[in-house]
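Q: Predicted model and sequence follow; I will ask about them next.
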Amino acid sequence: MNRFRGLLLVAILVVLSVVVLTVSEFNILGFSRGGDSALGLTLGLDLEGGTHLVYRVMPEDGREPTQDDMEGVRNIIDKRVNEFGVSEAKVQLLGGGAGTVPDRVLVQIPGQTGAAITLNFGSDAVSAQMLEDFFHDNLERPDAKVKQN
């Protein structure tokens, strides 16, 4: 009798596993799961791939940025990257050990990859040639082309 119960439990678990793996979207009594993607899951940067950027803040006047400056930079980048709230982008501050102010901003955007990356600096401080030289010399991308809009 105990062996029969064990086999019945295993059979139920196998059937439930097959149902969960084959039905990507369902809604039962207000509980919903799934979507159009594989297994109804949204994959993150580690599984889907995407863009991982780290910006270092270096004010032009040479002073150290304050915590308020860094929060302002983070908020501006977050608003621009996650404009519609659907990309699940992460924007956070990095650096700044015990009692010091962070000096870098980490931006992670799952699913956004490709040869074209759009940069907007809001000023003429960086030229297209300077960016192209940076890609060629520092990132070892001799095929990179920078196009100004």
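A: Structure's in. What do you need? Residues are numbered from 1 along each chain as shown.
Q: residue ranges of the helices in this structure, please?
A: 2-22, 45-48, 67-81, 128-137 (DSSP state H).
Q: Need the winner for burial among those.
A: helix 67-81 (a mean of 14; mean count of other CB atoms under 10 Å). To be clear about C-beta, it is placed using only N, CA and C from the backbone, and glycine gets the same treatment.
Q: For that helix, what is the distance to the chain centroid?
A: The gap between the average C-alpha position of helix 67-81 and the chain average comes to 16 Å, counting by CA atoms, centre = their mean, to the nearest Å.
Q: residues in contact with it?
A: With contacts defined as CB atoms under 8 Å, 6 or more residues apart in numbering, helix 67-81 is touched by 55, 57, 59, 65, 87, 89, 91-93, 101-103, 105, 107, 109, 120.
Q: Among those residues, which pair sits farthest apart?
A: 59 and 87 (28.5 Å; CB to CB).
Q: the more surrounded of those two?
A: More crowded of residue 59 and residue 87, by other CB atoms under 10 Å: residue 87, with 14 against 10.
Q: Check which residues of stretch 47-58 are buried.
A: 50, 51, 57 (16 or more other CB atoms under 10 Å).
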